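Asker: would you be able to build a 3D model of this:
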Amino acid sequence: MNIVIIFITSSACGKLQWYNSSNTAPPLQNTPDALHHGLNRTGVRSDDFPNVDIVSTGLQKQIIQGKDINLASLLIPSFESPQSHTILADGMEINVGNKPDPRLNRQLTIQEFIKAFGKFKRVMTSAFPGRRFELDAYEEDIIEISNFYGNKFYDYHKLFSAKASTLLQEKQIKVDWSKRDRDLMILIGAGVEINICKLCHMVDHDTKFCPLQLAEKSVSTPHLTKNSGNSDIRGRKRFYHNGKEICNNFNSLSGCNKDGRCLFLHMCSNCRNYDHSATTPINVEVLQNELRNHSDKSFVYYLCNGLKYGFDTKVSVTSLPTLECRNNLSARSQPNVVNELLRKECENGFMYGPFDTLPFSSYRVSPLGVAEGKYSKKKRLILDLSAPHQSDIHFSINELIDKDTCSMSYVKIDNAIDIILKYGRHSWLCKYDISNAFKNCPILPSQWPLFCIKWEDKYYFYVRLTFGCRSSPIIFDTLSQAICYIATNNYKVNNILHLLDDFLTIDPPHAEGERSMALMMMIFKRLNVPIAMHKTVGPVTCLEYLGIILDSEKMEARLPQEKVDRICEFISSISVKSSCSKREVLQLLGHLNFASRVILPGRSFVSYLINLSTKAKELHHFVRLNKECRIDLEFWLRFLKNWNGINMFYNSTYISNYDMELFTDASSTIGFGGKWFYSSWPTEIKNITNSKHSMAFFELYPIVVAAVLWGASWKTKKVLFWSDNMSTVEIIRKGRSKCLYIMKLMRKLTWCAYTTIQNPGTRCRHFSGTVSQNLRCNMVLKQTVEQLWTTSISKRTKDAYDIGFMHFKRYLLLNNVTFTNNLAPVSEEILIYFVAHCQTVLKLHYSTIKLYLCGIRYNYLKENCSDPLELYNGKPLPRLTLILNSVKRSQNQNKRIRLPITFDILEQIIKRLRKGVFSKFIDLMIETASVISFFGFLRCGEITVIKSEHFEPAINLCISDISFTDNIANLHLKQSKTDPFRKGIDIQLHKINSHICPYRVLKRYLEIRKTFISSYQNTDPLFVSIGNLAMEREFFITKIRHVLELCGYNPKNFSGHSFRIGAGTAAGQANIEDHMIKTLGRWSSDCYVRYIRTQPISIKHAQQQLAESINH
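Answerer: Residues are numbered from 1 along each chain as shown. Model (predicted):
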């Protein structure tokens, strides 16, 4: 086994080189000063190097490459083979080589893990020192998981390591080991009992170290004897409020466990409040733990502190004088409904009461009202915190809350549509709804007196946020934001939207929507957030969200039919009137504004209604409907009835009129037209030429004509028009104009867009002068370019380039260099360090490193980037060139020896094969391949394949590539190294007067092949081995070397290229002219001279000729 010694010193490589090369001590100047005392003639003391990990070469390489490592293999002694297995049978030991070691399947203890991971960490950081902090943090995290989940820590490690390795090897994504994987923690933690304190349920200490245990022990517990005095049965003092006894258990540390069955008052015995602190169903401890990695610590503190102790409702002045307002008529007229709703509010803990008198020195009683759902008819209590209205003495609660601090932006339906468009048809949708939304958040106890009500001479006060309070939405939204953060960051629930208590998750079609549903429900359950199950839907492809139906199957966003009917009915009722109240106009605007969520240009057709609503001061004042308002209402009514409120999802990018060659222009005196149409102005159009908006009208007219003619072809497209008239641009952009004639065109354009093409996306831009045409998307040319890139280099070179580029990206990722796209950052400095990495860590040869660099250049050039290996002036990078030269010089000692197979050696090979070495057919095939390789100056790869299954008749040598004419055998090479464009080349093998004739041996081989091999088709390989498979390179070289060894040669000095080298050498010795040698070997340059090996006898003969010429 190869042993790798990792020294924690800067000169590790030098010591390793010395240790492997000789037994003599290294020079003193190459040895650390601290070790000089241990030097002697035979080396240094072993204990001078305490930090040495002995790891096998294979394991070290796998660790550095980021592969998944079984840590148990690092604990097995290095002198054992990890795959060996010993069986004792009848006192004998038998080694079975291919049976896995059972020790590799052990569940490591935490001590064994620390020992094994320490070795792993030191090997990794020897190649990537920057990862030490990351791996240290991972080790600490594993220890923490072990403390809470026991032996499950090793399951987490195995899953995490496998996941990190897969992402790195397959997707070139480097995982940060210092960050815990939430998905894996959920997987391994399912059903496992966590080690927590049984008293306070915290995870940071054990039960026996809980401070509550000391507090409980310090409380004296006298004998439970009945005491009729001022003490209860436990000897505690009795307290009373309004004649009723207060529960002492409720005021104790352990609390009262009787809940609603307790006969005593559950209120504070000191302050007479009903609780020491605010109450909420939310599990604040779990919430705080889930938010521990949140970047905004102030947000986490505000939310958790508010849930524990109550939220500040942002009332600027809390010390208000006592005021009692009269209840609204909606409550006074429905006493039975109010009684029932109050009872439920008290049972749910949203308010306390009833009281004869309030326990506050000053308080505010606001009017109580009953709100009824317009369509659901569900009734609920509303606290009118805007009362008293128009009072000069008292401020209302909402008036004391700043509007600006409570303003917030809500999610739009467009956000959901954009995600569905991104994922495409059949995206999965899930909807969740929190029940009693605001009332899950407690109010600060000091502000309870501000939220009181009075009903039937009894007082109540709210302890949770109320509907009607200006600050309730923004306070509750912090909880919703926290839930979204937890789902996204802790449980990887992507694409979650929320509007207060309504949540929506969207998953791609190939994903499992059930996962998001299960995770969200688990989050709500863990946080103890109440869910309205009747409003929870999914995973489905069609649901209603924010009042809009999202249909990913039909790719539609539409209004529910009942809402369409209601809006149409309301518009019809308004249209028949000559006048209506301001309240009715505002209600209509509310309906139309809601419909505009899916009828996108609808906002352009409410401007007259908005102007009309401003003419009346009070809600009960009436306004008269003018002609323009009725036209807008007619448009809305026709549109809703005919189009049925459907808005197709459309393309997110605009198609320019250049792409469609849709050019339009107009002249006020001549006419209008474009590339595909033209016309003079109709008579009725000429009558408005004096209008100040006439030019905008003329420019808009041909655009509308084009929409009428070809609008059906623009379906689901967003069309971008260019115009040289700025007024036209603004009119189309805003959708309205003061000119009635232009508004007619705008209505026609919009109506055409929706009724014909169902697409609101038309836009116009301004340009000055001539604008160059946009690049057109031609898919045919694009595919052709991709194909040309694929064939620009050979498949073998492409594979090598891909491997090199993969190593480059992996090297950067493992050194914490991140990048968003496929192209990593590159500079001369980065390339230099990559070369050093290839030499020292990957142990690559100089030629392989250069090949990897070429792969980097190829990928950057393909992405239209500059050559990373050259300067701006085209010269190579100077520092990188010097580094590569240094690598080349350091590896020169390992130069490979390749001796030529000259004609003399070929004769010996042929004689030995004819005597019989292998089988009759194999001997003849090896002889034929050797002879034609020599006389045809062939490379080994031109007659063999790397792997037999990779044989391709269109590329490799087949039977059909051999043809015979008079005394000539023609061999057709379909591709070769010197023929990159695969034009093909014919090699002539003539019939010669020699016992080794390529013509005769090839003809004889083909005749024998017909009898020995069953298949003889033109597309079959010329040379075959076992099973009629193409002869592999390794098969041919192995056979040749075996014959050379029988002939008395050292087979290691010969390779598959030796025939071509031998042919060139023989040609040089035969004094064949240079141009003929280049023709025979298909050389286009003078590099053929490197193939000619000069023999010593030739040098002697040349020197003899020199001496004779001098003597003469």
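Asker: secondary structure class for Gly66?
Answerer: Taking DSSP: H, G, I helix; E, B strand; the rest coil as the rule, one finds Gly66 in the coil state.
Asker: model confidence over stretch 844-860, on average?
Answerer: On average, the pLDDT along stretch 844-860 is 89.
Asker: how far away from the center of its chain is it?
Answerer: 29 Å (CA atoms, centre = their mean, to the nearest Å).
Asker: which regions of the stretch 551-700 of the chain lie under the pLDDT threshold?
Answerer: By pLDDT under 70, the weakly predicted segments of the stretch 551-700 of the chain are 600-604, 607, 641-694.
Asker: which residues of it fall in strands?
Answerer: 556-558, 579-581, 622-624, 646-648, 654-656, 664-667, 671-674, 678-680 (DSSP state E, counting those that start in this stretch).
Asker: ok, now the stretch 201-350 of the chain?
Answerer: Going by DSSP E, counting those that start in this stretch, the stretch 201-350 of the chain shows strands at 240-241, 244-245, 323-324.
Asker: of those strands, which is nearest Ser298?
Answerer: strand 323-324 (35.1 Å; CB to CB). Just so you know, the C-beta spots here come from the backbone N, C-alpha and C atoms, and that holds for glycine as well.
Asker: contacts for that closest one?
Answerer: 364-365, 388, 394, 454 (CB atoms under 8 Å, 6 or more residues apart in numbering).
Asker: most widely separated two among the residues you listed?
Answerer: Across these (CB to CB), the longest gap, 16.0 Å, separates His394 and Lys454.
Asker: from Asn611, how far off is Tyr462?
Answerer: 41 Å (CB to CB, to the nearest Å).
Asker: the two: which is more packed in?
Answerer: Tyr462 (24 against 13; other CB atoms under 10 Å).
Asker: quick one: contacts for the more buried one?
Answerer: 350-351, 383, 443, 448, 451-453.
Asker: ok, 7 Å please
Answerer: By CB atoms under 7 Å, 6 or more residues apart in numbering, the contact set of Tyr462 is 350-351, 443, 451.
Asker: just the ones of these in strands?
Answerer: Met351 (DSSP state E).
Asker: neighbour-wise, which one of the contacts of Tyr462 leads?
Answerer: Those, ranked by neighbours (other CB under 10 Å): first place Phe451, 26 neighbours.
Asker: isn't that residue up against Tyr459?
Answerer: No: Phe451 lies out of contact with Tyr459 (CB atoms under 7 Å); the separation is 11.6 Å.
Asker: give me the common contacts of these two.
Answerer: By CB under 7 Å, 6+ apart, no residue touches both Phe451 and Tyr459.
Asker: of all the strands of the stretch 201-350 of the chain, which lies closest to Glu942?
Answerer: strand 323-324 (102.8 Å).
Asker: direction included, what does that closest one pair up with?
Answerer: Within its sheet, strand 323-324 is paired with strand 364-365 (parallel), according to DSSP bridges.
Asker: beyond the helix or strand bottoming out on mean pLDDT in the chain, next helix or strand please.
Answerer: Across the helices and strands of the chain, the lowest-confidence element by mean pLDDT, DSSP states H and E is helix 12-21, at a mean of 37. Per DSSP states H and E, helix 12-21 leads on to strand 52-56 as the next helix or strand towards the C-terminus.
Asker: quick one: low-confidence parts of the stretch 301-450 of the chain?
Answerer: Using pLDDT under 70, the stretch 301-450 of the chain drops low at 374-376.
Asker: now do 80
Answerer: 318, 359, 373-378, 390-392 (pLDDT under 80).
Asker: ok, the contacts of strand 323-324 vs Glu942, which is closest?
Answerer: Nearest member of these to Glu942, counting by CB to CB, is Arg364, at 98.1 Å.
Asker: return the residues in contact with the closest one.
Answerer: So Arg364 contacts 320, 323, 397, 449-450, 452 (CB under 7 Å, 6+ apart).
Asker: cool, and Val337?
Answerer: 370, 379.
Asker: same thing but at 10 Å, please
Answerer: With contact set as CB atoms under 10 Å, 6 or more residues apart in numbering, Val337 has these partners: 330-331, 370, 372, 379-381.
Asker: which of those lies closest to Lys798?
Answerer: Arg380 (68.7 Å).
Asker: with adjacent residues omitted, what lies nearest to Asp384?
Answerer: What sits nearest to Asp384 in space, not counting adjacent residues and going by CB to CB, 6 or more residues apart in numbering, is Pro367, at 4.1 Å.
Asker: so which of the contacts of strand 323-324 wins on neighbours?
Answerer: Arg364 (26 neighbours).
Asker: okay, and the beta partners of that one?
Answerer: Here Arg364, judged by DSSP bridges, has bridge partners Leu323.
Asker: now the one 4 residues further on
Answerer: In this entry, Leu368 is beta-bridged to Leu383, by DSSP bridges.
Asker: would you check how far apart it and Phe360 are?
Answerer: 18 Å.
Asker: next, count neighbours for Thr1079.
Answerer: 12.
Asker: what helix or strand is it on?
Answerer: Using DSSP H and E, Thr1079 falls in helix 1074-1081.
Asker: over to Glu786?
Answerer: helix 779-791.
Asker: can I get that helix in CSV? Just the C-alpha atoms.
Answerer: Provided in CSV are the C-alpha atoms of helix 779-791 (Å, rounded to 0.1, in the frame of the first residue of the first chain):
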residue,chain,number,x,y,z
MET,A,779,-33.7,29.1,-33.6
VAL,A,780,-32.3,27.4,-36.7
LEU,A,781,-29.1,29.5,-36.6
LYS,A,782,-28.9,29.0,-32.8
GLN,A,783,-29.0,25.2,-33.2
THR,A,784,-26.5,25.4,-36.0
VAL,A,785,-24.1,27.4,-33.8
GLU,A,786,-24.5,24.9,-31.0
GLN,A,787,-23.7,22.0,-33.4
LEU,A,788,-20.7,23.8,-34.7
TRP,A,789,-19.4,24.4,-31.2
THR,A,790,-19.8,20.6,-30.5
THR,A,791,-17.8,19.6,-33.6
